[in-house]
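Student: Quick one, structure for this:
(2 chains)
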Amino acid sequence: MGKGFDGEVLVKAEKVVKSFPGVWEHLILDHVDFDVRAGEIHALLGENGAGKTVLANILSGFYTLTEGQIYVRGRPVTIKSPKDALRHGIGMVHQEFTLVPPLTVAENVALGLRKYSSFSFPIREVERRLRELSERYGLRVNPRARVEDLSVGEQQRVEILKVLYWEPEVLILDEPTSVLTPEEVDDLFRVLRNMADEGKGVVLITHKIEEVKKVADRVTVLRLGKHMGTMRVDEVDEERLLKLMIGDVEPFRPTRTRVKQSSKPVLRVEDLHVVGSEGVEAVRGVSFEVREGEIFGIAGVAGNGQRELVEAITGLRKASRGRIIIMGRDVTNRSPREIADLGVRHIPEDRRRTGVVEGMTLGENMILRDYRSQPFSRLGVLNLKFIGEFTQKMVKEFEILAPDIWETEVRILSGGNIQRLILARELWREPRLVVAFHPTYGLDLKALRHTHNIFMKLREKGTAILLISEDLDEIMSLSDRIGVMFEGKLVGILDAEKATIDKIGKMMTGIYAE
Amino acid sequence: MARILRRLVWLGLGVVALAVVSILLQPYGLRPVKLIETGLLAMTPLALAAVGECINERAGMINIGIEGIFLLTAVIGVYWAEVFGAGIYGILVGGVFGAMLGALLGVLGTYGKADQIIAGMGLNVMALGLVQYLLMAIWAFPGIHIFPRELVLPRISIPTPGGLLRISPITIVAIAATVLAHLLLYRTLLGLRIRAAGEKPEAVDVAGINVNHLRIMTSALGGFMAGLGGAFMPLAWFGGLVKEITAGRGFIALAAVVFSGLDPTLALAASFIFGFAEGLAFTIVVTPGVKEAIPFHFVQMTPYILTIIILALFLTGKRFPKALGKPYVRE
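Tutor: Sure, this is the predicted structure:
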């Protein structure tokens, strides 16, 4: 460690501004400075939406900057494409893998090699070079293995090798540890250290403070597109980093009426295990219960098993072990409809893909839950008159901005209005249990208050609410109890009165467990 | 590997079954050499189109319009053969015109983001009408056109124990093209990119290769080969042109593609089986003693029934490219 502090500055970004006009009004990156030196591991720390990936994408040529200047070894350069970036010695390993599963490792690498003729097949040479690189950096991969037979960790090594093949001087890795097991993370960090020792500059994008402390030499913190500072890791402690990363805003708390706490559980989850889409166990033994009239918040950084937990509870994903009990009935691995029929409503994470059918109209989307029951339909025939009136009522009550009920495809609505539609559809009939995933993400302040008020009203009437959010303010201001998820486990359950943002933040990043 | 082996076994059984039929028919005056000859002729357009389509589908494109390309290039091939005064030029023009149609479908299915099934179907339906119009417009005779015998591509005679086997040079081209297609797909970087484009176009894009250009190219290549096949039918096989000259062979070629699981060598094999069945039908219809016993129309059905049976048997458990038929749009 420490070798990198006086290394040559390989890449420097000066006052970088990035905006997406028409999509986002604020600046995604607001005059950010960043530099990477030879021989260092430089962590880029921040929450989701802080602009880490955007900055990395600018350096590696996937985005162009709006303002600012990039220097490579002191010379100003313009980077227009990933190929440009590679020519300047900057390579990036993305979070999403771009590997072709049925092809072998070497074939995947050969795909992008332009120095050979299209009609040649230099696969032996590629295999030989891959073995060399593999050995040099300790990245164990068999070049002849098919990618589809590899584990996620191995696939990531292939991605890294693919970039290393170009001999970049600066290697950027976007959240590389999110899909890895702890042992694989250690392996990866050893590889990164080898690269730095060889004089490369390594940029590690992460939202985990422990990783910064463990492997990085310097750290740059971003918050909402703003540069919060760059410092030596050995001169800063975790708490300071956490504060820079999430700020020290004290939560605003809506007035909460004291409800007579019922001890009757609506949802009980017992030692639940769920395997995620990547084949890795995403939920690893979670137990908790949500009682009548209670809001149970789950805090946690995205990708720590929240999605899989919600999918298991709502019947969208099979649980591999454990039990889910709703209203006293064991509904483990039952169909979503059976679960919904018990009075469970779901505000999904991905509103456009799972929340609505984008190609259908507002009116049609409004009845996706209730279309089978009277008076929405009768003997399989939709009662359009009633549905129209009902939708009209909901549009008014939830202030959905849409030109028309029957003509408007939901596709053209803004994210906030789609969310209002979903809230209206799921919450109008006082459910027994609401599973709400980022319910207010992207809503303006007014709509946010409105949603919070609905939640509070439902709570008073005895609805149990499971609230999953990355927004700590929201969790803190609404919940009666708060569970914190980290790496597929609930690291602790706190009473809202005793919870502080500091404590939860530490639990979220795995620094501290209750 | 086991799957390919199993397929080869089935294929072998098919050949044996057909051989048994032809031997059984021998007492009635059916000549095996004649049967193989017709089988190879019938195989050629199917194989050309199927092998080209294998490459195209590997890249993630579907050309359901092979039948249409067959029809149009048959007419256009004959026209240009008459203009140039030699069948070979007609076949080459057929290929070029097929490539243009393929490229058009390619542009529609990539930059145009069109539904490839509908685009191909459109081509098929358009061809049906256009061919009748062209026959009238060019030769002023409805539905049929007979051209001078000299325009028919000469065949190569190979002596065999059963007599002279006369095969078309285009048949040899089709077999050579199969080998080349195999080498292209599995032994070149271009082939690697084609296969990757059908499985995960993002990976090809990230590697700095234009997915759309690649797909338009394979679509044009597939069209070229189908065009050769289309012009082959009148100019190297039938010696005449009728408005329904293709008789659904474009769809049989597609069946061969599905059967092959996009492996060119298996596509050739399947084309041979289909061609052999057709050859059998042709031979039976003209063999005295047999043609009275089995109704003509029933015999003519054989290749199509065989297609259905083979598809029903082999359609399951096949792995096709993930991005097949989906336009690639960068996020």
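Student: for the residue of chain B at minimum distance from chain A, what are its contacts?
Tutor: As assessed by C-beta to the nearest C-beta, chain A sits closest to residue B:207 within chain B, at 3.0 Å. (C-beta placed from N, C-alpha, C; glycine too.) Going by C-beta atoms under 8 Å, 6 or more residues apart in numbering or on different chains, residue B:207 touches A:111-112, B:193.
Student: for chain A, what are the nearby residues on the stretch 151-300 of chain B?
Tutor: For the stretch 151-300 of chain B, the residues found near chain A under the criterion C-beta under 8 Å from any C-beta of the partner chain are B:184, B:187-190, B:192-193, B:195-196, B:199-200, B:202-204, B:206-209.
Student: Tell me the first helix or strand C-terminal of the host helix or strand of residue A:270.
Tutor: Assigned by DSSP states H and E, residue A:270 falls within strand A:265-275. Counting by DSSP H and E, the next helix or strand C-terminal to strand A:265-275 is strand A:281-291.
Student: Now that following strand: buried residues?
Tutor: Neighbour-count burial for strand A:281-291 flags A:281-284, A:286, A:288-291 (criterion: 16 or more other C-beta atoms under 10 Å in any protein chain shown).
Student: Could you dump those into JSON lines and include pLDDT and distance to residue A:217?
Tutor: Below are these laid out as JSON lines (pLDDT from 0 to 100; distance: C-beta to C-beta, whole Å):
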{"residue": "A:281", "pLDDT": "89", "distance to residue A:217": "33"}
{"residue": "A:282", "pLDDT": "90", "distance to residue A:217": "31"}
{"residue": "A:283", "pLDDT": "93", "distance to residue A:217": "34"}
{"residue": "A:284", "pLDDT": "93", "distance to residue A:217": "32"}
{"residue": "A:286", "pLDDT": "94", "distance to residue A:217": "36"}
{"residue": "A:288", "pLDDT": "95", "distance to residue A:217": "39"}
{"residue": "A:289", "pLDDT": "93", "distance to residue A:217": "45"}
{"residue": "A:290", "pLDDT": "94", "distance to residue A:217": "44"}
{"residue": "A:291", "pLDDT": "93", "distance to residue A:217": "48"}
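Student: As JSON lines, those residues with distance to residue A:39 would be great.
Tutor: Formatted as JSON lines, the buried residues of strand A:281-291 follow (distance: C-beta to C-beta, whole Å):
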{"residue": "A:281", "distance to residue A:39": "37"}
{"residue": "A:282", "distance to residue A:39": "36"}
{"residue": "A:283", "distance to residue A:39": "40"}
{"residue": "A:284", "distance to residue A:39": "37"}
{"residue": "A:286", "distance to residue A:39": "42"}
{"residue": "A:288", "distance to residue A:39": "46"}
{"residue": "A:289", "distance to residue A:39": "52"}
{"residue": "A:290", "distance to residue A:39": "51"}
{"residue": "A:291", "distance to residue A:39": "55"}
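Student: show me what contacts the residue nearest to residue A:369 when sequence neighbours are not counted?
Tutor: Among residues not flanking residue A:369 along the chain, residue A:425 sits closest, at 5.6 Å (C-beta to C-beta, 6 or more residues apart in numbering or on different chains). Contact analysis of residue A:425 by C-beta under 8 Å, 6+ apart lists A:365-370, A:394.
Student: Name the nearest of the contacts of residue B:207 relative to residue A:277.
Tutor: Nearest to residue A:277 among the contacts of residue B:207, counting by C-beta to C-beta, is residue A:111 at 24.3 Å.
Student: so that closest one makes contact with residue B:203?
Tutor: Yes - the pair residue A:111 / residue B:203 is scored as a contact, 6.6 Å apart, by C-beta atoms under 8 Å.
Student: Which neighbours do these two have in common?
Tutor: Residues touching both residue A:111 and residue B:203 (C-beta under 8 Å, 6+ apart) are A:100, B:196.
Student: Mind telling me what element residue B:195 is part of?
Tutor: Judged by DSSP H and E, residue B:195 forms part of helix B:189-199.
Student: Need the phi and psi values for the residue nearest to residue A:369.
Tutor: phi -60, psi -40 (degrees, to the nearest 10).
Student: ok, for residue A:368, nearest residue in space, not its chain neighbours?
Tutor: In this structure, residue A:368 finds its nearest non-sequential neighbour in residue A:425, 6.6 Å apart by C-beta to C-beta, 6+ apart.
Student: Is it correct that residue A:69 falls within a strand?
Tutor: Yes - under DSSP: H, G, I helix; E, B strand; the rest coil, residue A:69 falls within a strand.
Student: Correct me if wrong: it contacts residue A:14.
Tutor: Yes - at 4.9 Å, residue A:69 counts as touching residue A:14 under the criterion of C-beta under 8 Å.
Student: how's chain A carved up into domains?
Tutor: Domain assignment for chain A by automatic domain parsing gives A:3-246, A:264-343+A:431-514, A:362-430.
Student: For residue A:30, the count of nearby residues, please.
Tutor: Using other C-beta atoms under 10 Å in any protein chain shown, the number of residues around residue A:30 comes to 17.
Student: surely it meets residue A:50?
Tutor: No - at 11.0 Å, residue A:30 does not count as touching residue A:50 under the criterion of C-beta under 8 Å.
Student: Identify the contacts common to the two.
Tutor: Common neighbours of residue A:30 and residue A:50 (C-beta under 8 Å, 6+ apart) are residue A:225.
Student: which stretches of the stretch 51-200 of chain B form helices?
Tutor: Shown for the stretch 51-200 of chain B, the helices assigned by DSSP state H, counting those that start in this stretch span residues B:66-84, B:87-109, B:116-139, B:169-187, B:189-199.
Student: ranking those by burial, who's on top?
Tutor: Neighbour counts (mean count of other C-beta atoms under 10 Å in any protein chain shown) averaged over each of those peak at helix B:66-84, with a mean of 27.
Student: mind saving the C-alpha coords of it as PDB?
Tutor: Extracted C-alpha coordinates of helix B:66-84, given in PDB (Å, rounded to 0.1, in the frame of the first residue of the first chain):
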ATOM      1  CA  ILE B  66     -37.000 -17.700 -49.200                       C
ATOM      2  CA  GLU B  67     -40.000 -19.000 -51.200                       C
ATOM      3  CA  GLY B  68     -40.500 -15.500 -52.600                       C
ATOM      4  CA  ILE B  69     -36.900 -15.100 -53.500                       C
ATOM      5  CA  PHE B  70     -37.000 -18.500 -55.200                       C
ATOM      6  CA  LEU B  71     -40.000 -17.400 -57.300                       C
ATOM      7  CA  LEU B  72     -38.700 -14.000 -58.300                       C
ATOM      8  CA  THR B  73     -35.100 -15.200 -59.100                       C
ATOM      9  CA  ALA B  74     -36.500 -18.100 -61.200                       C
ATOM     10  CA  VAL B  75     -38.200 -15.600 -63.500                       C
ATOM     11  CA  ILE B  76     -35.500 -13.000 -63.400                       C
ATOM     12  CA  GLY B  77     -32.800 -15.600 -64.000                       C
ATOM     13  CA  VAL B  78     -34.600 -16.900 -67.100                       C
ATOM     14  CA  TYR B  79     -35.000 -13.400 -68.400                       C
ATOM     15  CA  TRP B  80     -31.300 -12.600 -68.100                       C
ATOM     16  CA  ALA B  81     -30.300 -16.000 -69.400                       C
ATOM     17  CA  GLU B  82     -32.200 -15.100 -72.500                       C
ATOM     18  CA  VAL B  83     -30.600 -11.700 -72.700                       C
ATOM     19  CA  PHE B  84     -27.100 -13.000 -72.300                       C
END
